[in-house]
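Colleague: Structure, please.
(2 chains)
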Amino acid sequence: MYQLCKHRSFISYIDRSREYYAAQGYTKPYEWPCYDDVPFTPLKKPLTKCRIGLVTTAGKPKPPGVVEAIFSPRELYAERSDPPPQALFTDDLFWDKKATHTKDVDSFLPINRLSEYACTGYIGAASTRFYGVPTDYSQKRTLERYAPQILKWCQEDGLDAVILAGL
Amino acid sequence: MCHQTVSLVARYLEEHGLPTVIMGSARDIVEECGVARFIFTDFPLGNPCGKPWDVAMQRSILGAALDILERAWMPRTTIQTPFHWDKDEWRENFMRIDESNREALAREGKLRRQFQDEIKKHR
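Modeller: Model prediction:
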């Protein structure tokens, strides 16, 4: 479809969240990370020989009870991929709860789809574990506490590449 | 914030020799941060890997992520998938600010700050 437009078609969440929180009376806008240099590592072997891992920002399923669920801390975790999770906790995350839902895990963490690609031989293997990383306003905590642990798990599991899906 | 988190973790993994690809729907956050590879699907936040229960679409989006892992030769490679959400209202409605909710938003923010102050006092 061809159309003329006055604005970019996709939403700028940086602009929109700044305006939204300003409307809520927050005077200091959040400062997002913007790097000039971007690290890049080429794949070292063909996909058919690669073991691929998954990272999600969704949390492990919480105990029943809304209050307990919301106030229990977000945590870093590694979980077995088999059996795949039937649900993950996303209620405390910032996504469009009016437009959609997260009842199908594969809509935000392609754990079954990746396993299918492994079965067909398109990739060498899917990792035996997937990893959960807490969303955090603190970029320092993400880089100094969470990212090194995710790397350690990737190395333990012998991964060749990682897919990260953000809600 | 989820897109910031995965972007920062992906950068760290790349710096340590592990190839990555991000699947996401907040294009500006990921691209401003700067990542090696990015599969962008222009959907409401929540389903970056395809519509719920749409296995064919999910397979296609993941396939694009796998292909870009192998084929990208330089950082900041973004591929936009060809999928569209059924209706476009979400674009206007998400975090909407207008005369109908301006006062409520201000009140909400004030209450949240009071709540956060109380939590800090009791720490």
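Colleague: Quick check: A:Tyr77 touching A:Tyr131?
Modeller: Yes: counting by CB atoms under 8 Å, A:Tyr131 is a contact partner of A:Tyr77 at 7.0 Å. Heads up, the C-betas are built off the backbone N, CA and C, glycines and all.
Colleague: neighbour-wise, which of these two wins?
Modeller: Neighbours were counted for A:Tyr77 and for A:Tyr131 using other CB atoms under 10 Å in any protein chain shown; A:Tyr131 has more, 24 against 16.
Colleague: Does that one have any beta-bridge partners, and if so which?
Modeller: With DSSP bridges as the criterion, A:Tyr131 is bridged to A:Val55, A:Ala78.
Colleague: Residue of chain B nearest chain A, please.
Modeller: In chain B, the residue that lies nearest chain A is B:Gly109 (2.7 Å; CB to the nearest CB).
Colleague: tell me which residues of whatever helix or strand that residue lives in are tucked away?
Modeller: Using DSSP states H and E, B:Gly109 maps to helix B:102-121. For helix B:102-121, burial by neighbour count (16 or more other CB atoms under 10 Å in any protein chain shown) applies to B:105, B:109.
Colleague: Restricting to C-alpha, output the lowest-mean-pLDDT helix or strand in chain B in PDB.
Modeller: Ranked by mean pLDDT, DSSP states H and E, the weakest helix or strand in chain B is helix B:102-121, scoring a mean of 88. This file holds the C-alpha atoms of helix B:102-121, laid out as PDB (Å, rounded to 0.1, in the frame of the first residue of the first chain):
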ATOM      1  CA  ARG B 102      -5.100  15.700  31.400                       C
ATOM      2  CA  GLU B 103      -6.400  16.300  35.000                       C
ATOM      3  CA  ALA B 104      -6.500  12.600  35.800                       C
ATOM      4  CA  LEU B 105      -2.900  12.200  34.600                       C
ATOM      5  CA  ALA B 106      -1.700  15.000  36.800                       C
ATOM      6  CA  ARG B 107      -3.600  13.500  39.800                       C
ATOM      7  CA  GLU B 108      -2.200  10.100  39.100                       C
ATOM      8  CA  GLY B 109       1.400  11.400  39.000                       C
ATOM      9  CA  LYS B 110       0.900  13.300  42.200                       C
ATOM     10  CA  LEU B 111      -0.400  10.200  44.000                       C
ATOM     11  CA  ARG B 112       2.400   8.000  42.600                       C
ATOM     12  CA  ARG B 113       5.000  10.500  43.900                       C
ATOM     13  CA  GLN B 114       3.400  10.500  47.300                       C
ATOM     14  CA  PHE B 115       3.400   6.700  47.300                       C
ATOM     15  CA  GLN B 116       7.000   6.600  46.300                       C
ATOM     16  CA  ASP B 117       7.900   9.100  49.100                       C
ATOM     17  CA  GLU B 118       6.200   6.900  51.600                       C
ATOM     18  CA  ILE B 119       8.100   3.800  50.500                       C
ATOM     19  CA  LYS B 120      11.400   5.700  50.700                       C
ATOM     20  CA  LYS B 121      10.600   6.900  54.300                       C
END
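Colleague: what's the spacing between the helix holding B:Gly109 and its chain's center?
Modeller: 26 Å (CA atoms, centre = their mean, to the nearest Å).
Colleague: show me the contacts for the residue nearest to A:Gly132 when sequence neighbours are not counted.
Modeller: In this structure, A:Gly132 finds its nearest non-sequential neighbour in A:Tyr77, 4.5 Å apart by CB to CB, 6 or more residues apart in numbering or on different chains. Each residue near A:Tyr77 by CB atoms under 8 Å, 6 or more residues apart in numbering or on different chains is listed here: A:59-60, A:131-132.
Colleague: thinking A:Cys50 is in contact with A:Leu43, fair?
Modeller: Yes: counting by CB under 8 Å, A:Cys50 touches A:Leu43, with 6.8 Å between them.
Colleague: Those two - which one has more neighbours?
Modeller: A count of neighbours by other CB under 10 Å puts A:Cys50 above the other of A:Cys50 and A:Leu43, at 21 against 18.
Colleague: Can you name the residue of chain A nearest to chain B?
Modeller: Of all residues in chain A, the one sitting closest to chain B is A:Gln24 (2.7 Å; CB to the nearest CB).
Colleague: so how far is B:Trp53 from that residue?
Modeller: Distance, A:Gln24 to B:Trp53, by CB to CB, to the nearest Å: 35 Å.
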